[in-house]
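Visitor: Could you work out the structure for the sequence below:
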Amino acid sequence: MKNEFKLRPWSIADLDSLVKYANNWNIAKNMTDKFPFPYSENNGKAFIEFATKDDPIHIFAIEIDGQAVGGIGIHPQDDIHRKNAELGYWLAEPFWGQGIISSAIKHAINFAFETYDIDRVFARPFGTNTPSQKVLEKNNFVLEGKFEKVLMKDGILLDELIYAIRRNNWNK
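Guide: Sure thing, here's the model as predicted:
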């Protein structure tokens, strides 16, 4: 059975579950270095403060059974990139492979196009993160570009992939 989840704003009450689930190399290895490993209580407090400062809130906790078990955010761009927003997400390892992140992405894309005057939502998974590539493709994202060996993660150069969905290809 698929776990029921909801997207909601982060709260300081999520600190314990955030640290518990985010402190995982299998997650951190697919994230920018701003998502640290090990993941401390101070990291969690700083993140929750960051995630709750904007209006409208656009960085959400993925809640299952009252616990924050991941996060998903839409990050509007500015200046000449203002018609774009970046999608970022992570999910606690015990919940992988259950369709949760795929469904959360659908909700986030709907939020993005309903809330912002944008034409494109993009995501930048590492070339090594095949599950993330597959979940984006499942949600009608198209691979727009590949930059070989441009990301430095844990001392290794990785490929950066650019996936995007355009407003005119979005099915509410």
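Visitor: Please count neighbours and contacts with C-alpha atoms only from this point.
Guide: Noted.
Visitor: mind checking how far the residue nearest to residue 73 when sequence neighbours are not counted is from residue 37?
Guide: Excluding its sequence neighbours, the residue lying closest to residue 73 (CA to CA, 6 or more residues apart in numbering) is residue 59, at 4.0 Å. Plainly put, residue 59 is 20 Å away from residue 37 if you go by CA to CA, to the nearest Å.
Visitor: Name the residue in these two with the higher neighbour count.
Guide: For residue 59 and residue 37, the more surrounded residue by other CA atoms under 10 Å is residue 59, and the numbers stand at 25 against 16.
Visitor: separation between that one and residue 87?
Guide: 10 Å.
Visitor: Equivalent analysis for residue 52, please.
Guide: Residue 52 is 17 Å from residue 87, where distance means CA to CA.
Visitor: more crowded one of the two?
Guide: Neighbour count, other CA under 10 Å: between residue 52 and residue 87, residue 87 has more, with 21 against 17.
Visitor: about what we covered before: what's the overlap in contacts for residue 59 and residue 87?
Guide: By CA atoms under 8 Å, 6 or more residues apart in numbering, residue 59 and residue 87 have these common neighbours: 72-75.
Visitor: can I get those in TSV with distance to residue 121, pLDDT and secondary structure?
Guide: Shown next, in TSV, are the shared contacts of residue 59 and residue 87 (distance: CA to CA, whole Å; pLDDT from 0 to 100; DSSP: H, G, I helix; E, B strand; the rest coil):
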residue	distance to residue 121	pLDDT	secondary structure
72	13	98	strand
73	11	98	strand
74	8	98	strand
75	9	98	strand
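Visitor: buried sites along the helix of greatest length in the chain?
Guide: The residue-count maximum for a helix in the chain (DSSP state H) belongs to helix 100-115. Buried residues in helix 100-115, counted by 16 or more other CA atoms under 10 Å: 100-102, 104-106, 108-109, 112-113.
Visitor: Most widely separated two among those residues?
Guide: Taking CA to CA, the two most distant members of the buried residues of helix 100-115 are 100 and 113; they sit 20.4 Å apart.
Visitor: which residues are in contact with the longest helix of the chain?
Guide: For helix 100-115, contacts defined as CA under 8 Å, 6+ apart pick out 2-3, 5, 7, 62, 72-74, 85, 87, 89-91, 118-119, 121, 135-136, 138-139, 167, 172.
Visitor: Just after that helix, pick out the following helix or strand.
Guide: Sequence order places strand 120-123 as the next helix or strand after helix 100-115, per DSSP states H and E.
Visitor: In this protein, which residue is most central in space?
Guide: In the chain, the centroid-proximal residue (CA atoms, centre = their mean) is residue 89; its distance is 1.4 Å.
Visitor: Confirm that residue sits in a strand?
Guide: Yes - applying DSSP: H, G, I helix; E, B strand; the rest coil, one finds residue 89 inside a strand.
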